[in-house]
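Engineer: Any chance you can model this:
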Amino acid sequence: MRPRTSGYLSPGRRPRRSVLRSAQLNAVGHAALAGACLGAGLLTAFALQVTGWPLPLRAAVGPVVVLTALVVADRRKWARMETSFAFTDDELAMRAVADQLVAQGLPVTLDVEDWGPRLRYRNRDAARVHAALNDLGIRTY
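Structural biologist: Numbering: from 1, shown residues only. As a prediction, the model looks like this:
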C-alpha cells in the first residue's frame with residue numbers, strides 16, 4: 001500500500017480553519033455542543049416570551065450565548081498556553097536575545113534542552129515577542 005501525504009502538506013490544500021484555537025471537537029463534542037445550543041435555544045425561547053419578540057429571534061439568543069462563551073473560554077485557554085521559538089543552536093546568542101527581551105519587559109524565558117536552546121513565552125505575548133525579535137533583526141515568519 002502506498003503511503004499518502006498528510007492533508008496539510010499536500011500542495012494546493014489549505015488546512016481547515018476553525019473558530020476554536022485550542023479545542024478540536026470530535027463527533028461527541030459536536031453533539032454535546034449541538035445539545036447545549038438546543039437546550040439554550042429552548043430556554044431562551046420560553047424565558048423571553050414576555051418581550052414579545054418573534055419565536056425565531058428568542059430561540060436564536062441561547063445558541064449565540066453558548067457559542068460566544070465557548071469561543072471566549074477557548075481563546076483564554078489558548079492565550080495561557082506556552083509556545084517556543086529558536087533561531088540558532090548557540091546558547092550564548094539565545095541568552096543575549098532573551099536578556100534583551102526581558103529588559104524590554106517581555107515575559108520570556110530561555111529553555112536549554114538536549115536539542116538546543118529556545119525562547120519560551122505565552123501565546124498572548126507572541127505578537128509582542130515577534131515584533132521585538134524583528135526589531136532585533138531576527139525573522140520570525
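Engineer: use CA for all of it now, contacts and neighbours both
Structural biologist: Will do.
Engineer: List the buried residues in the biggest helix by length in the chain.
Structural biologist: In the chain, taking DSSP state H as the definition, the longest helix is helix 55-80. Neighbour-count burial for helix 55-80, counted by 16 or more other C-alpha atoms under 10 Å, picks out 58-63, 66, 70-71, 74-75, 78-79.
Engineer: OK, contacts around residue 49?
Structural biologist: residue 58 (C-alpha atoms under 8 Å, 6 or more residues apart in numbering).
Engineer: For the helix or strand residue 84 falls within, enumerate the helices and strands it packs against.
Structural biologist: Residue 84 belongs to strand 82-85 when assigned by DSSP states H and E. Packing partners of strand 82-85 (3 or more C-alpha pairs under 8 Å, 6 or more residues apart in numbering; DSSP states H and E): strand 116-122.
Engineer: Can you list the strands that the strand it packs on pairs with?
Structural biologist: Strand 116-122 sits in its sheet next to strand 82-85 (antiparallel), strand 109-113 (antiparallel), going by DSSP bridges.
Engineer: Distance from it to the middle of the chain?
Structural biologist: The chain centre lies 18 Å from the centre of strand 116-122; the measure is C-alpha atoms, centre = their mean, to the nearest Å.
Engineer: outside of that strand, which residues touch it?
Structural biologist: With C-alpha under 8 Å, 6+ apart as the criterion, strand 116-122 contacts 79-91, 94, 98, 107-112.
Engineer: could you check the angle helix 55-80 makes with it?
Structural biologist: Inter-element angle recorded for strand 116-122 and helix 55-80: 140 degrees (by axes from the mean of the first three to the mean of the last three C-alpha atoms, to 10 degrees).
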